[in-house]
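*Asks:* quick one: sequence plus predicted model below, questions after.
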Amino acid sequence: MNTVRVVFSIYILLGSFSFSKNSNDFDWIKSLPKPWELTEKNFSSYLPMFKQRFPDFHDRIKAINLWRVGTPYGIFKLGEEKEPDTDPILRIDTSDCTVHVLTTLAFAESIDWSSSRQAMIDIHYKVDNNGKKDPTFKSRWHYTSDRILNHPQTVNITSRLLPRSKLEEVTIELNRKDDGSEFLDLDWTSSQNILFIPSEMIEHIRMEDLPRVCGIAFVKRSYFSMGIVIAHEGYLIDRNLLIHASSNEKRTVKVDFFDYYFNESGPAFDGIMIYELHKKI
């Protein structure tokens with residue numbers, strides 16, 4: 001991996017001259033209070049500032065990501081504010097991996113708490129038969145791979161990064177366990193063919209082909225028997241920095257992607273999917 005890391009670093013260095021916003025703008029983030037300690041009202045007061053300082057949507061996603069590093073970890077902390085999951089639709093005091101990804105995307109689109117909450121509903125829930133989004137447990141995008149393949153704001157680009165021969169395909173019925181039962185009580189399953197980049201092929205990605213800010217999802221083959229493909233997700237920033245809510249660190253962290261993925265014990269997962277981030281149309 002050493003040669004790959006050197007080439008990768010060159011791409012990042014060259015890209016920084018073309019794509020980085022003035023570092024002073026990102027330094028401003030260091031002067032801000034910890035977002036997870038703010039009230040909803042106080043947190044909301046900073047969203048127009050982010051929009052003014054970072055008019056580019058992807059710069060704003062990067063900036064909000066950096067601001068949220070350190071957020072305490074808490075798993076399954078979002079719900080519909082009604083049974084069977086009474087947790088809030090939107091929150092800032094804690095995150096798990098998907099909560100961090102989706103709420104950051106919602107905040108990047110918004111100027112106050114109300115618009116952030118509506119953006120979160122647009123991102124986190126499917127359209128019903130009447131063309132509306134009613135936040136319910138069963139209408140939630142529970143499966144990250146399903147969202148990546150079918151949501152217009154998290155658009156799959158995995159197959160654009162490598163030739164088909166270097167990708168792996170899994171045919172799976174999401175939410176269907178090997179014993180035939182549903183993993184979650186949704187009255188829903190979905191048969192899908194999903195392409196991902198296996199660990200041994202990650203070094204073949206031309207890093208300049210990646211968006212400078214994108215989503216990255218991590219595949220775990222051992223989850224396939226439960227009807228699940230993705231075990232974790234986060235943001236890949238400037239093609240090298242992974243920002244994600246870490247269950248091990250118990251907080252949101254920023255780390256070198258390659259150091260995180262290829263650790264001393266070997267690859268942390270079995271592959272990845274990459275997706276672009278889009279504003280609501």
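*Replies:* Looks like it arrived, so ask away.
*Asks:* sec struct for residue 129, please.
*Replies:* coil (DSSP: H, G, I helix; E, B strand; the rest coil).
*Asks:* per-residue pLDDT, residue 281?
*Replies:* pLDDT recorded at residue 281 is 74.
*Asks:* excluding chain neighbours, what is closest to it?
*Replies:* In this structure, residue 281 finds its nearest non-sequential neighbour in residue 152, 6.5 Å apart by CB to CB, 6 or more residues apart in numbering. Every C-beta, even on glycine, is put in place using the N, C-alpha and C of the backbone.
*Asks:* so the one you found lies in a helix, does it not?
*Replies:* No. Counting by three-state DSSP, residue 152 falls outside a helix, being coil.
*Asks:* that one contacts residue 276, correct?
*Replies:* No. Using CB atoms under 8 Å as the test, residue 152 is too far from residue 276 to be in contact (10.3 Å).
*Asks:* who has more neighbours out of the two?
*Replies:* residue 276 (17 against 10; other CB atoms under 10 Å).
*Asks:* let's verify that one: helix, strand, or coil?
*Replies:* Per three-state DSSP, residue 276 ends up strand.
*Asks:* who are the contact partners of the closest residue to it other than its chain neighbours?
*Replies:* Leaving aside its sequence neighbours, residue 276 sits nearest to residue 155 (CB to CB, 6+ apart; 4.5 Å). Going by CB atoms under 8 Å, 6 or more residues apart in numbering, residue 155 touches 148, 275-278.
*Asks:* check contacts around the residue nearest to residue 281.
*Replies:* Counted by CB under 8 Å, 6+ apart, residue 152 has contacts 278, 280-281.
*Asks:* about what we covered before: any chance of the contacts of residue 155 in CSV, plus distance to residue 139 and pLDDT?
*Replies:* Formatted as CSV, these follow (distance: CB to CB, whole Å; pLDDT from 0 to 100):
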residue, distance to residue 139, pLDDT
148, 18, 98
275, 21, 99
276, 24, 98
277, 22, 98
278, 21, 97
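*Asks:* can you pull out the strands in the stretch 51-200 of the chain?
*Replies:* 154-156, 168-174, 190-198 (DSSP state E, counting those that start in this stretch).
*Asks:* what's the PyMOL line that selects buried ones from the contacts of residue 155?
*Replies:* Selection of buried members from these for PyMOL, criterion 16 or more other CB atoms under 10 Å:
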select buried, resi 148+275+276+277
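*Asks:* closest one to residue 210 out of the contacts of residue 155, please.
*Replies:* Nearest to residue 210 out of those is residue 276 (CB to CB; 9.7 Å).
*Asks:* distance of residue 121 from residue 189?
*Replies:* 24 Å (CB to CB, to the nearest Å).
*Asks:* with residue 149 instead?
*Replies:* Separation of residue 149 from residue 189 (CB to CB): 15 Å.
*Asks:* have a look at those two and say which one is more surrounded.
*Replies:* Higher neighbour count among residue 149 and residue 189: residue 149, with 21 against 16, using other CB under 10 Å.
*Asks:* ok, and the closest non-adjacent residue to the more buried one?
*Replies:* Closest residue to residue 149 apart from its sequence neighbours, by CB to CB, 6+ apart: residue 156 at 5.5 Å.
*Asks:* what does residue 164 give?
*Replies:* residue 195 (7.9 Å).
*Asks:* any idea what the one you found is bridged to?
*Replies:* Residue 195 has the following beta-bridge partners by DSSP bridges: residue 169.
*Asks:* kind regards, and thank you for your time.
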